[in-house]
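1. what shape does this take:
(one chain, ligands or ions: 1)
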Amino acid sequence: MEENEIKNLQVQCLSDAAGLQRACQAANVRFSSETNKFLVYETLQKLGPSAAQRLVSKLVDDGFIKWEEDETFEVEFILDHADEDQHGSKLPVKRSLPKMKESYQLSKRRKVDEIFHKLWCSPMPENMSPLQLLTLHNLRIGVENVDKPVVHKGLIPSHNRNMRPKFLATTLNYSNVKKKVYRQKKLEVQAALKDWEEKLNAINTDPAPIVVENDADLEGPPDNFVYINDYRAGEGIEIPQDPIIGCECKNCLDERKSCCAAACGSEFAYYKNKRLRVPQGTPVYECNKRCKCGPECPNRVVQNGRKFKVCIFRTSNARGWGVKTLQRIKKGSFVMEYVGEVITNEEAERRGKIYDAEGRTYLFDLDYNDGDCPFTVDAGYYGNVSHFVNHSCEPNLVVYGVWINTLDPRLPRICLFAARDINKGEELTFDYMMTGDTTQSQQPMGLFLPLCSPVKDACNNDISAGIRISTTEDESSTANDISDIKERKNTGEKIEEWDSLVQPVKPASPTFARSSMSKICERSSPKKQPKMSDPATAENNSRADGEEKKTDKLQGQSKMKYRMICQCGSAKCRKYLF
Ligand SMILES: C[S@@+](CC[C@H](N)C(=O)[O-])C[C@H]1O[C@@H](n2cnc3c(N)ncnc32)[C@H](O)[C@@H]1O
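-> Numbers count the residues shown, from 1 in each chain. Predicted structure coming up:
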């Protein structure tokens, strides 16, 4: 396409979601999260190399895109599908994206691919998709040199007054039709989501309901997702449900020193108000079906289900669905369980490859035994609300391993608790890449299950959940929490360090769990996840496929495979999801 021509840049847009979905499918692009990038790619292709370069330069000049000056990215997918240019060097072409037409010169294709690739790998402003970025900018190109202005339909900048009348004149009817189609589609989507919400609630056994909401786009209910309430045993797995011990307490809180947790070598996990009193990394043993106590026992929390009403909502910054709370949640409260299909290591390896290729992350390794990972929870197909909980580098949920009727130490229930007070309407998140700092252990290792475990050689496993619970947060506590602590002081009971979870304390360093017991991760990631504490270290971390990074000896530069850019938007964002 010559620059002097009128450019009719019709990229697929939301007014024709079905068409866009088909285009994405044809291009092997994920319809939800990669769509915006795909649209940018299409746009850049249509603009041609020099205009694309100019547009991107403008975005860079305006500070919307920050290039990593010295970084040489080499995307995993690129290498698989590299073309050769005339000089025999490798040409980066992203596998999941369509190639430019053959009629384009190879050098032009290469330039656009390079620009796009750089765009793909660069940090973007928070809460803004690449397409939104582009629409902010004047896309008139080469106007000075031609009689007719250049018109880019669908990407016209709202502030470009010169162009607007022409655009409106030529596209008025088209635009009305689009609006109508969009409205119709929106109604269909809302109806489908309402239907899905009803189905979810019909299956959901938690006391609190689930709401579904999409104010962001035209995405309907997800395909290939089946709602479940409890772990589902995968092939060849048996989940025992018959605890070998139970307590005889009349009042479990008063008799906590001999109740279930103590019998298993751990601490009674909850206050009277059923909020956590133990630090992260502490194995939680609730009273089980052998115990004499009733359903109101303070040591029955997770088993009573999710109490807070939550909403599965569509995020507006390319993270797909997310979950927000529709009620205020106090720190230490149980929020939800991460359930899915319990599968073997081998099966997880197999499925992980598929998820990796799709950029999906649903595998939660129960590898608290530091290297041995007998089971993984896969919430990709079978799952509950937690299937939709996104990652944040500054999460408001933390993970604890909880045992109730299944006392096999290798099969904790993965439970998400509030790391701080959470406001109504806040998105719920946890850290997929939780890493533990073993040097800050607050409890000796290997405390648990000497009595309860049917698998004796696993008794010394560290089951810490590996998620931070910040003691620098607002430490406001409830009257209940305080009175509980007072009560224990009065009875001469030692107040432990972790009581600061609910006591007003002066700011301290964040505490870390002892080791990375469990993590949602790329299945093929190494067992010991490296810390990705900041962007600089991220480059030195292992790649998503678990291999160590390669060093290009010729150039002396480190190269890295594709990593998913984190869009959590937190001030402490580590930049990459994995
Ligand atoms: C467990 S799922 C969460 C639900 C997901 N958003 C959905 O729509 O189904 C994990 C996936 O969500 C997306 N995601 C979650 N947190 C993200 C983040 N902070 N930044 C970018 N993508 C994120 C990624 O695609 C990731 O593979």
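2. three-state assignment of the closest residue to the ligand within the stretch 151-300 of the chain?
-> Nearest residue of the stretch 151-300 of the chain to the ligand, counting by Cβ to the nearest ligand atom: residue 222, 6.4 Å away. C-beta here means a position set from N, CA and C on the backbone, and glycine is covered the same way. Here residue 222 is coil, with the state taken from DSSP: H, G, I helix; E, B strand; the rest coil.
3. find the nearest non-adjacent residue to it, please.
-> residue 321 (7.2 Å; Cβ to Cβ, 6 or more residues apart in numbering).
4. what residues does the chain put near the ligand?
-> 33, 319-322, 359-362, 388, 390-391, 566-568, 577 (Cβ under 6 Å from any ligand atom).
5. now the stretch 201-350 of the chain against the ligand: closest residue?
-> For the stretch 201-350 of the chain, Cβ to the nearest ligand atom, closest residue to the ligand: residue 320, 2.5 Å.
6. count of neighbours near that residue?
-> 18 (other Cβ atoms under 10 Å).
7. can you give me the strands in the stretch 251-400 of the chain?
-> 284-285, 310-314, 321-325, 334-338, 341-344, 363-365, 375-378, 382-383, 390-391, 397-403 (DSSP state E, counting those that start in this stretch).
8. run me through the strand neighbours of the first one, direction for each.
-> If you go by DSSP bridges, strand 284-285 pairs up with strand 397-403 (parallel).
9. just checking, residue 192 is part of a helix?
-> Yes. Counting by three-state DSSP, residue 192 is part of a helix.
10. quick one, what contacts it?
-> Residues near residue 192 by Cβ atoms under 8 Å, 6 or more residues apart in numbering: 220-221.
11. same question, residue 227
-> Counting by Cβ under 8 Å, 6+ apart, residue 227 makes contact with 199-200, 203-204, 383-384.
12. what distance do you get for the closest residue to residue 205 other than its chain neighbours to residue 402?
-> Distances taken as Cβ to Cβ, 6+ apart place residue 229 nearest to residue 205, at 4.7 Å, with adjacent residues excluded. Using Cβ to Cβ, to the nearest Å, we find residue 229 at a distance of 15 Å from residue 402.
13. between the two, which is the more surrounded one?
-> A count of neighbours by other Cβ under 10 Å puts residue 402 above the other of residue 229 and residue 402, at 23 against 14.
14. now that one: how far from the ligand?
-> Distance of residue 402 to the ligand, given as Cβ to the nearest ligand atom, to the nearest Å: 20 Å.
15. isn't that residue up against residue 411?
-> No. Counting by Cβ atoms under 8 Å, residue 402 does not reach residue 411; the two are 10.6 Å apart.
16. who wins on neighbours among the contacts of residue 227?
-> residue 384 (24 neighbours).
17. contacts only, for that one.
-> Counting by Cβ under 8 Å, 6+ apart, residue 384 makes contact with 204, 227-229, 336-339.
18. over to residue 571?
-> Here residue 571 is in contact with residue 394 (Cβ under 8 Å, 6+ apart).
19. Three-state assignment for it, please.
-> Applying three-state DSSP: residue 571 is coil.
20. residue 244 and residue 407 touch, don't they?
-> Yes. Between residue 244 and residue 407 there is a contact at 6.8 Å, judged by Cβ under 8 Å.
21. please say which of the two ends up with more neighbours.
-> Counted by other Cβ under 10 Å, residue 244 and residue 407 do not tie: residue 407 has more neighbours, with 25 against 12.
22. helices of the stretch 151-300 of the chain, start to end?
-> Ranges of helices within the stretch 151-300 of the chain are 164-203, 260-263, based on DSSP state H, counting those that start in this stretch.
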